[in-house]
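J.: coords below, sequence missing:
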């Protein structure tokens, strides 16, 4: 085994970026190194049919190059070995012999230039996005040649050529391999995304499963409706990224745990989102009635609806899982409690799960539960839209509550406090 992740900095983000590079293959994992607490060892059993980028990760992880490759994802600041400020260069790869033995170090800025993002250039000189998984995959291209002694005079060209394989896979703009420039700032994505549905992919066994595809379609529908919705989704994924790759990695090692999470979390969440989407965009009718039935169906009685709801509520409140739960699921408790403290991910994941199981078990009005959940959306934590866009954004947002107008006013009360300059517009669109 050759690849390790430095435990300092943001190791979960490093693992998540690797996970994306494999095409969200659940065969990726990590284990402790008994003799060295400063690193995790990466493991990988490649799933048949995984993309070409997964082949590269498999080669790196499962080939003994005689020299370790250590990945450090730094959340801003300076590389402690070279002194280089990574917020200006995105990443670097080099051979470190300071300890007396050679180590290939892959170091990159996981903060995306302190939140500003990184950009590179396409063949037309246009700025294109340079997200974390692409930066890491680029640097691992350098690392392979450093480990095998085949580094080229201009090693950027093969690294950028390899980078484009991942870009193509994720639907991102392709980079000009003869233009090595870039910097801090936004860039075009060409409609692609590297925000992985990590847990859904891990439980269903594929980044292209029906569940993942449906989740992506729902995400794109919300993001396309309002800029507020698109920004909210970005915030949710930023927080989701903090805990989901680690959970997905552990799920990849246990089939029973994957099945349990699929039944208890993934399918109920997907049914909840589907119902919320139908009510918000299409209103009530046969589609909503069928979606309510589907939600009850995926919260089956044999799992103990009231018990599951109680466990979820306890986790939301920071309580431990019951001792009878399987040890691997117990190991998720800390990650779930972390999610509970995150305002956007907690609202998007734990709140609807608790509501879904509680409504199924207590025969509560699921329609009203969805409306209350939408009203609790943490939109008040976002900046108010610019004046030129305010009426259009609030009109689109108000329409999502036509099936339950009183919930619109619940949200409006919070927005009034958060956006006092928008009170007149909020009143015009029925929020107050």
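T.: On my side now, so go ahead. Every value quoted in this text rests on a predicted model; they were computed, and no experiment measured them.
J.: Would you mind measuring the gap between the ends of stretch 64-82?
T.: Stretch 64-82 stretches 26 Å from its first residue to its last (C-alpha to C-alpha, to the nearest Å).
J.: for that stretch, which positions count as buried?
T.: 65, 67, 68, 69, 70, 71, 72, 73, 74, 76, 79 (16 or more other C-beta atoms under 10 Å). C-beta coordinates here come from the backbone N, C-alpha and C atoms, glycine included.
J.: chain center to stretch 267-280, what's the gap?
T.: Here stretch 267-280 is found 19 Å from its chain centre; the criterion is C-alpha atoms, centre = their mean, to the nearest Å.
J.: hmm, I was thinking of stretch 116-131
T.: 21 Å.
J.: ok, and for it, which residues are buried?
T.: Result for stretch 116-131 [16+ other C-beta under 10 Å]: buried residues 117, 118, 119, 120, 121, 122, 127, 128, 129, 130, 131.
J.: From the opening residue of that stretch to its closing one, how far?
T.: By C-alpha to C-alpha, the extent of stretch 116-131 from end to end equals 11 Å.
J.: I'd like the mean pLDDT over it, please.
T.: For stretch 116-131, mean pLDDT rounds to 89.
J.: Looking at the buried residues of stretch 116-131, which one is closest to residue 334?
T.: Set against residue 334, the nearest of the buried residues of stretch 116-131 by C-beta to C-beta is residue 131 (26.8 Å).
J.: That closest one: what's it in contact with?
T.: By C-beta atoms under 8 Å, 6 or more residues apart in numbering, the contact set of residue 131 is 112, 117, 118, 172, 194.
J.: Need the pLDDT of the first one.
T.: Pointing back at residue 112 there. 80.
J.: Name the next helix or strand following the worst-scoring helix or strand of the chain on mean pLDDT along the chain.
T.: Ranked by mean pLDDT, DSSP states H and E, the weakest helix or strand in the chain is helix 327-330, scoring a mean of 59. Moving toward the C-terminus from helix 327-330, the next helix or strand (DSSP states H and E) is helix 333-341.
J.: Quick one: list the elements packing against whatever helix or strand comes next after that following helix.
T.: Remark: after helix 333-341, the chain's next helix or strand is helix 343-345, criterion DSSP H and E. The contact analysis (3 or more C-beta pairs under 8 Å, 6 or more residues apart in numbering; DSSP states H and E) places helix 343-345 against helix 227-240.
J.: Please report how far the closest residue to residue 313 other than its chain neighbours lies from residue 360.
T.: Nearest non-adjacent residue to residue 313, counting by C-beta to C-beta, 6 or more residues apart in numbering: residue 354, 5.5 Å away. As for residue 354, its distance to residue 360 is 11 Å (criterion: C-beta to C-beta, to the nearest Å).
J.: Between those two, which is the more surrounded one?
T.: The neighbour comparison of residue 354 against residue 360 (other C-beta atoms under 10 Å) goes to residue 360, with 24 against 21.
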